[in-house]
Structure formats: C-alpha cells, structure tokens
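Participant: Show me the folded form of this:
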Amino acid sequence: MNPKILTDLVKVEMPFGKYKGTKICDLPVYYLEWFKQQGFPKGNLGMLLETMLEIKMNGLEYLIAALK
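Facilitator: This is a model prediction of the structure:
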C-alpha cells in the first residue's frame, strides 16, 4: 500500500455534500456504504472513499490512528 494514501485519508476533506469539510477518515460508515451503493466518484476522491470504507469495515483504523 502507498503510504501517501493513508496520509491523504487524514488530510483530505470531503469537497461536497452533507459532510463537506469533514476529513475522509472521519466520515461515518453509513455514508461510505451509501457511496458504495451509488458508485464512488471517479478519480482520487473515489479511491480514498473506497479505501476508507475497507479500513473501517475490516477494523483497520489503527493504520491511520497515529497519523491523526
């Protein structure tokens, strides 16, 4: 895994929607699941949202805990 992805998860903010301004790592699971059902956005944002969902669903938050 690319370490920059983990860094981006704690730095990049949601650019639109209900959680605009919320860091990707702080988005609730139900919101990430909604994106999965609707289709993740294209590009880097979609990849970050999908990665964050996988981290949360598999109990891997410790991977980004020290970066917060």
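Participant: chain center to the lengthiest helix in the chain: distance?
Facilitator: In the chain, taking DSSP state H as the definition, the longest helix is helix 43-57. With C-alpha atoms, centre = their mean, to the nearest Å as the basis, helix 43-57 stands 4 Å off its chain's centre.
Participant: List the buried residues of it.
Facilitator: 45, 48-49, 51-53, 55-56 (16 or more other C-beta atoms under 10 Å). Any C-beta I mention is one placed from the backbone N, CA and C, and that applies to glycine too.
Participant: Show me what secondary structure element comes after that helix.
Facilitator: helix 62-65 (DSSP states H and E).
Participant: can you count the residues close to the nearest residue to Gly46 once chain neighbours are set aside?
Facilitator: Leaving aside its sequence neighbours, Gly46 sits nearest to Phe40 (C-beta to C-beta, 6 or more residues apart in numbering; 3.6 Å). The number of residues packed near Phe40 is 17, by other C-beta atoms under 10 Å.
Participant: Report the secondary structure state of Gly16.
Facilitator: I think there's a mix-up here, since residue 16 is Phe and not Gly. coil (DSSP: H, G, I helix; E, B strand; the rest coil).
Participant: And it, how far from Leu9?
Facilitator: Going from Phe16 to Leu9 by C-beta to C-beta, to the nearest Å gives 17 Å.
Participant: And these two? Which one has more around it.
Facilitator: Taking neighbours as other C-beta under 10 Å, Phe16 and Leu9 compare with Leu9 leading, 22 against 9.
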